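Chemist: Fold the following and give me the result.
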Amino acid sequence: MIRLNEQPGASFEPETLRVLAGAFDDAWQRVDAVNGSADAARTTLAKHIIAMATQGERNRQRLMDGALCRLSL
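Modeler: Model prediction:
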């Protein structure tokens with residue numbers, strides 16, 4: 001089990017982490033990060049995916065879609 005420092009209550013099994021990483025990678029592929037906004041966009045995607053997972057979401061597509069909505073994409 002891996003615990004994430006910035007998100008209270010966020011600890012996930014290895015399989016869940018693979019789903020989260022996949023959702024993040026899928027979302028990132030859709031982001032057109034320009035002019036130094038890449039770090040902020042990646043952070044926003046990651047935080048939103050972790051927040052959704054903390055609430056119990058495990059569907060990769062919904063994790064990705066929710067994170068992209070956060071960026072208004």
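Chemist: going forward, measure contacts between C-alpha atoms and count neighbours the same way
Modeler: Fine.
Chemist: Residue 69: what's it in contact with?
Modeler: Listed by CA atoms under 8 Å, 6 or more residues apart in numbering, the contact set of residue 69 is empty.
Chemist: quick one: which helix or strand includes it?
Modeler: Residue 69 is part of helix 60-70 when elements are defined by DSSP states H and E.
Chemist: And that helix, how far out from the chain middle?
Modeler: Helix 60-70 sits 8 Å away from the centroid of its parent chain (CA atoms, centre = their mean, to the nearest Å).
Chemist: CA atoms of it as CSV?
Modeler: Extracted in CSV, the C-alpha atoms of helix 60-70 (Å, rounded to 0.1, in the frame of the first residue of the first chain):
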residue,chain,number,x,y,z
ARG,A,60,-9.7,4.8,-15.6
GLN,A,61,-11.9,6.5,-18.1
ARG,A,62,-13.9,8.4,-15.5
LEU,A,63,-10.7,9.4,-13.7
MET,A,64,-9.3,10.8,-16.9
ASP,A,65,-12.5,12.5,-18.0
GLY,A,66,-12.9,14.1,-14.5
ALA,A,67,-9.3,15.4,-14.5
LEU,A,68,-9.7,16.8,-18.0
CYS,A,69,-12.9,18.6,-17.0
ARG,A,70,-10.8,20.3,-14.2
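Chemist: pLDDT averaged over that helix - what is it?
Modeler: Helix 60-70 shows a mean pLDDT of 92.
Chemist: what do you get for stretch 27-35?
Modeler: When pLDDT is averaged over stretch 27-35, the result is 68.
Chemist: all strands in the chain, in order from the N-terminus.
Modeler: 2-3, 11-12 (DSSP state E).
Chemist: among those strands, which gets the worst mean confidence?
Modeler: strand 2-3 (a mean of 46).
Chemist: In the protein, which residue is most central in space?
Modeler: Most central residue of the chain, judged by C-alpha distance to the mean C-alpha position with CA atoms, centre = their mean, is residue 49 at 2.8 Å.
Chemist: Test my guess that it contacts residue 21.
Modeler: No: if you go by CA atoms under 8 Å, residue 49 and residue 21 don't touch, sitting 9.1 Å apart.
Chemist: How about the contacts made by the residue nearest to the centre of the chain?
Modeler: Contacts of residue 49 (CA under 8 Å, 6+ apart): 20, 23-24, 63-64, 66-67.
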